[in-house]
Structure formats: structure tokens, C-alpha cells
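Enquirer: Mind folding the following:
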Amino acid sequence: MNASVGDRLHVHGNIVGLADTTGEIVEVRGRDGGPPYLVRFADGRTALVFPGPDAVIEPRTTR
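Expert: You can find the predicted model right below:
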């Protein structure tokens, strides 16, 4: 898994009824774009994330 600053981390809910979570990657701390990632979520909290198999990177779209 590789990411860049500005990409979105999308974590799928892994329990029935648990909502998906998305956040913007604000810092990549791993080597060559790898985890861990510092992620800012919609509710304003920021967390260091080591994504699991239920997570995908959504590349930043450029305009």
C-alpha cells in the first residue's frame, strides 16, 4: 500500500452496521509512501494509522 499527502484513506466497516470511515492523509511516515499515515478524519481528529486489509487508498484527483 502506497500513498501521498492529499490522498484519502477509506476504511470499510468490518462489522455489520459499522459505517465506513474516510480521512485525508496529511503525512506519510513510512518509506516510499508506505504506512504509517497521519490521517485527518471528517470529525476533526487526527490519528496515526497502520491500515489493515479493510482499507484502500483513494488517490487525490487533480484539476
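Enquirer: in the protein, which residue is closest to the centre?
Expert: By CA atoms, centre = their mean, the chain has its centre lying nearest to residue 9, at 2.3 Å.
Enquirer: what's across from it in the sheet?
Expert: Here residue 9 shows beta-bridge partners residue 23, residue 57, assigned using DSSP bridges.
Enquirer: Hmm, residue 57 and it touching each other?
Expert: Yes - Residue 9 is within contact range of residue 57, at 6.3 Å (criterion: CB atoms under 8 Å). (C-beta placed from N, C-alpha, C; glycine too.)
Enquirer: anything in contact with each of those two?
Expert: With contacts taken as CB atoms under 8 Å, 6 or more residues apart in numbering, the residues that reach both residue 9 and residue 57 are 3, 25, 51.
Enquirer: And for residue 56, nearest residue in space, chain neighbours not counted?
Expert: With sequence-adjacent residues excluded and distances taken as CB to CB, 6 or more residues apart in numbering, residue 56 is closest to residue 10, at 5.1 Å.
Enquirer: Just give the nearest non-adjacent residue to residue 60, would you?
Expert: residue 6 (3.9 Å).
Enquirer: Let me know how buried that neighbour is, in neighbour terms.
Expert: 12 (other CB atoms under 10 Å).
Enquirer: The one 10 residues further on now?
Expert: Neighbour count of residue 16, defined by other CB under 10 Å: 5.
Enquirer: Show me where this protein has its helices.
Expert: In the chain, no helices are defined using DSSP state H.
Enquirer: so where's it shaky on pLDDT?
Expert: 62-63 (pLDDT under 70).
Enquirer: Okay, strands next: where are they in it?
Expert: Here the chain has its strands, by DSSP state E, at 8-11, 21-28, 37-41, 46-49, 55-58.
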